[in-house]
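Q: 3D model of this:
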Amino acid sequence: ISKQSVVSCCYTAVDIMVSNHYLRSVCLILLTILSTVVAFSTPRPAADAASSLVSPTAEDKTYLNKEQLEFSIAYLNEHHKTDVLLPFVKAFSDLGTTAIKKNAWIGGSYQIIDASITDITQDELSLDASIKQGEKIKIESVKVHLDSDPVAGMLRTYPTLPPCNPMHLNHASKLPIDNFVRRMNRLCNIVKAYSATGKMIQLGVQMGGKGVGKLNDDMYLNQVPHNRFVRKYFYDMASDAALDATILCSKKQFTNRMKMTVMFPEMNPSMDSYRIGTLLELARSIAIKLAEQNLRVRVCVQGSMGVGIFTGVPKQLNGVHTLLQRMDWESEPGEENDGMVGDYVRFGFVGKEHVINAQKSEKEGDPDVEQDDVFLLICPQNMIGLESSIIGSLSEMVDAAGDRPVILLNPDLVDKVSAQGQQSIRGRQARIDFASSFETMFQFQNIYYSGTSYFPILGSVVKLGPLEPWVAHQRRDLMNNDGEVYLPVYASETAPDNEVLMSTFAK
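A: Numbering: from 1, shown residues only. Purely as a prediction, here's the structure:
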C-alpha cells in the first residue's frame, strides 16, 4: 500500500469518527502537513521527473507532426513518383551505382521501375524501391539523407549543390515543415525536378508552415496607380528585410554589402507607370524603420558625374536629393518622429566624404558628432556617354564605411555605352567583381510575357528576406473575375536561371 493511500484513509476516518468540531479541525491540519511531507519524500519515476523539467516541444521527438507526415508521404507517393522519387533513388542511393555497373554490360538488365516513401525523419527519407532484373522484381529499402550529394556515378548527370545552411533554415523559420520543404527543394533542383519545387512550397503553406515565399492575393499590379495598401505592403516587407539584414550583419552572419531590388510597376523606371513618389516613400519607410532601432541612417543620392560641361545626373534621380529633404518625415516638434531628421536620419551624396565617423567636439559645450550606422543609397547607376562610372565613388564610400551596412536600393551597376570604351573595356572585370560583391537581401521583380510589353504580368521572382529562398510565382486570374493569385512554381537557394524559370511556368 502506498503512503498516499494511507494518508487518504486517515482523512476519511477522521471525518467519520471525530465528532468534535475543534478536534476534527486540528486532526485535518496535522494530516495536511503529513500529506505534504509524504508527497515531497516519495520518489518519482525518472521519466516523470524528466518530463516536468522539459518543455512540451522537447518531449515530441518527431520531425513532422502526424498530419504533416501522413499527408506529405501520401502526396509525394501519389503525385511525384516519376519526377522526384525515382530520380532520388537513382541519384542519392547505392542502387544508382549498382544500376550503372550492371547496365554497363547489358543495357536495361537492371532497372529501378518504382519507388515510394515509407517514412520521413529529421535526417532522411525512407523509400521502398522496386528493382527489375530480367523477369524478376524485388523490393529493396533505401535511405536518402535530406542533405545528401549524388553518388559518385551520378555526379555528371546530376551536379550537386551546396547544402542548406542550418543557421539560414532556423532563422527563416523554426517550423519543421519549412525546414523539410527547403531541404527537399535542394534535392529536387539537383535531380532537375524544377516544377516540383513550387509544389513543395505550396505543400509547406498548406501544412501550416510560415508561408515561405507567399505573396498576397489580389494585388492588381497592372492597375496604376497602385492602391496605397499595396504600396504599404511592399514598404513593410522591404523595411523588415532591411532591419533583419542589418541585425544579421551586426552578428557577422550576413555581409555588410547589401542590395534590394523592388521592381513592381510604379518602381520600374523603364515603364510609363514609374512614380518617383513611390521610390521616395520606400526610402523613407526603410530609413524610419532603422532609425526606430536607434540606428543613424545616411540616405544618399549620387551627385553629378562627368567632366566640364558634360556633367549630369541620371534622369531617374533628377531632383531626388531635394525632394528627400522636403518630403514629410513627421519629424517636426510634437509629431510622431519628433527630431528624427538631422539626428537619426541624415542626407548626403555618394562618396567617401559623406561617410561620417564619431568625433569629439572641438569646442566645449558643443555636442559630439555621432557616426553613421547604416548607409542607404538610392538607385546608384552609371550613365550613357559619360567618361566616368559610379563604381569609383561607390567603392571609395564602401571602403570608408568599413564593416557598417551599405544598402543599395535598386542599383544599376552595369557598364553603359561610353566614348573610347572607358565603361566597356578598361577595368571591366574589377567593376563586375565589385558589383557582384553586393548580396541580395530582398527582391520583388515582376516577369512579363515579352521584354517590350508590360501587360499582362506573367508572374514574379521574390526573395523576401536575407536568408529566405528565391521563389518564382505565376500570376493566375480566378474565374468570373473573382481576383488573382500568385502561385509558387519554382524555388531555390540561389537566384533562378532564366531558362529553368520559364520551363516551370504553365503555358
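Q: Quick one: mean pLDDT for whichever helix in the chain runs longest?
A: For the chain, the longest helix by residue count, based on DSSP state H, is helix 228-250. Mean per-residue pLDDT for helix 228-250: 96.
Q: Which residues outside the next helix or strand after that helix are in contact with it?
A: For helix 228-250, the following helix or strand on the C-terminal side (DSSP states H and E) is strand 257-263. Contacts made with strand 257-263 from outside it, assessed by Cβ atoms under 8 Å, 6 or more residues apart in numbering, are listed as 234, 238, 241-242, 245, 249, 282, 398, 405-411, 437-446, 466. For the C-beta atoms, the positions are set from N, CA and C on the backbone; glycine is no exception.
Q: Okay, and which of these map to strands?
A: 406, 407, 408, 409, 439, 440, 441, 442, 443, 444, 445, 446 (DSSP state E).
Q: Let me see the contact set for the second one.
A: Just to be clear, that refers to residue 407. Going by Cβ under 8 Å, 6+ apart, residue 407 touches 242, 245, 258, 259, 260, 286, 374, 375, 376, 377, 441.
Q: Next, format those as JSON lines and append distance to residue 278 and neighbour count.
A: What follows is those, written out as JSON lines (distance: Cβ to Cβ, whole Å; neighbours: other Cβ atoms under 10 Å):
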{"residue": "242", "distance to residue 278": "16", "neighbour count": "27"}
{"residue": "245", "distance to residue 278": "21", "neighbour count": "26"}
{"residue": "258", "distance to residue 278": "21", "neighbour count": "26"}
{"residue": "259", "distance to residue 278": "18", "neighbour count": "21"}
{"residue": "260", "distance to residue 278": "14", "neighbour count": "25"}
{"residue": "286", "distance to residue 278": "13", "neighbour count": "27"}
{"residue": "374", "distance to residue 278": "21", "neighbour count": "26"}
{"residue": "375", "distance to residue 278": "21", "neighbour count": "25"}
{"residue": "376", "distance to residue 278": "16", "neighbour count": "22"}
{"residue": "377", "distance to residue 278": "17", "neighbour count": "25"}
{"residue": "441", "distance to residue 278": "20", "neighbour count": "28"}
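Q: could you dump these to TSV with distance to residue 392?
A: Listed next are the contacts of residue 407 as TSV, based on distance: Cβ to Cβ, whole Å:
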residue	distance to residue 392
242	26
245	25
258	20
259	18
260	23
286	25
374	22
375	17
376	20
377	14
441	24
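Q: Let me know the closest of the residues you listed to residue 75.
A: The closest of those to residue 75 turns out to be residue 441 (Cβ to Cβ; 32.3 Å).
Q: I'd like the distance between residue 391 and residue 318.
A: 21 Å (Cβ to Cβ, to the nearest Å).
Q: more neighbours, the two?
A: A count of neighbours by other Cβ atoms under 10 Å puts residue 391 above the other of residue 391 and residue 318, at 19 against 12.
Q: Could I have the CA atoms of the helix or strand that contains the more buried one written out in CSV?
A: Here residue 391, judged by DSSP H and E, is contained in helix 390-401. Provided in CSV are the C-alpha atoms of helix 390-401 (Å, rounded to 0.1, in the frame of the first residue of the first chain):
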residue,chain,number,x,y,z
ILE,A,390,29.7,55.5,-60.4
ILE,A,391,31.8,52.5,-59.3
GLY,A,392,34.8,54.6,-58.3
SER,A,393,32.9,56.9,-55.9
LEU,A,394,30.8,54.0,-54.7
SER,A,395,33.8,51.7,-53.9
GLU,A,396,35.5,54.5,-52.1
MET,A,397,32.4,55.1,-50.0
VAL,A,398,32.1,51.4,-49.2
ASP,A,399,35.7,51.2,-48.1
ALA,A,400,35.3,54.3,-45.9
ALA,A,401,32.2,52.7,-44.3
